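Participant: got a structure for you, letters missing:
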Ligand SMILES: O=C(O)c1ccccc1N[C@@H]1O[C@H](COP(=O)(O)O)[C@@H](O)[C@H]1O
């Protein structure tokens, strides 16, 4: 099965078009976060979500955890899916999104082996799980540009029956190894395809080619 590509930290409709032209199956839109390089206003998230043509998915990243707050933001922005970057998000938040016809992608930050039971719990109610390299205890919920232990990710993916995205420090150089070793449903990249903060067509092209070579 082809590994899907999500290009994250999209800041404009022009960047979304560039990512899609290079084969992105999904574009990620980072709303308010405690920290991170990719944050854009909700109004910009909504404009990009409106511009994403089917079957490309628009994925809103939120740090909200309460069901009512998550649903309120999702209803305003109307993405295809919401990526809940804080592991404290509840099954009620997943259910609230489901009622709106919006997929819940629950992030699990892989700090150690405890990520496996966290992912299994999230998989009970979310549409998909995304494995990232944040450090929630330090208020870092993603966008680190760092890899985590892919042996743990591989174990999680083997144990779950729903799609699992792999994120954190992916680059054109390590994308083939990520696909071969971890076997995720999709790769999710932000900093690895950017230069001085801007989406870089040369790196995007290299990333897409690296995926195709795996
Ligand atoms: O990029 C951000 O600003 C951000 C902030 C808070 C949570 C997630 C964030 N970005 C997401 O982090 C992953 C991995 O990014 P990277 O490839 O390691 O740079 C990806 O989903 C980003 O969209």
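Facilitator: Cool, got the structure. Note that the structure is predicted; figures quoted are calculated from it, not measured.
Participant: give me the low-pLDDT residue ranges for the chain?
Facilitator: Of all residues in the chain, none has pLDDT under 70.
Participant: What segments of it are helices?
Facilitator: 13-21, 42-51, 67-77, 91-99, 115-122, 150-159, 175-182, 201-213 (DSSP state H).
Participant: Can you point out the buried residues in the last one?
Facilitator: Within helix 201-213, the residues that count as buried by 16 or more other CB atoms under 10 Å are 203, 204, 206, 207, 208, 210, 211. Backbone N, C-alpha and C define where each C-beta goes, glycine included.
Participant: Show residues contacting that helix.
Facilitator: 3, 5, 7, 18-19, 22-23, 170-173, 175-176, 179, 187, 189, 192-195 (CB atoms under 8 Å, 6 or more residues apart in numbering).
Participant: how about 6 Å then?
Facilitator: Contact partners of helix 201-213, identified using CB atoms under 6 Å, 6 or more residues apart in numbering, comprise 22, 23, 172, 175, 176, 193.
Participant: Repeat that for the fifth one.
Facilitator: Residues external to helix 115-122 that are found in contact with it (CB under 6 Å, 6+ apart): 106, 108, 129, 152, 156.
Participant: Save the contacts of helix 201-213 as TSV, and put in distance to residue 35 and neighbour count too.
Facilitator: Formatted as TSV, these follow (distance: CB to CB, whole Å; neighbours: other CB atoms under 10 Å):
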residue	distance to residue 35	neighbour count
22	28	19
23	29	17
172	26	20
175	25	25
176	30	15
193	20	28
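Participant: related to what we said a few turns ago, name the pair among the contacts of helix 115-122 with the greatest separation in space.
Facilitator: Using CB to CB, the contacts of helix 115-122 span at most 16.3 Å, a distance reached by 106 and 152.
Participant: and those two? which has more neighbours close in?
Facilitator: The residue with more neighbours, out of residue 106 and residue 152, is residue 106; 27 against 19, by other CB atoms under 10 Å.
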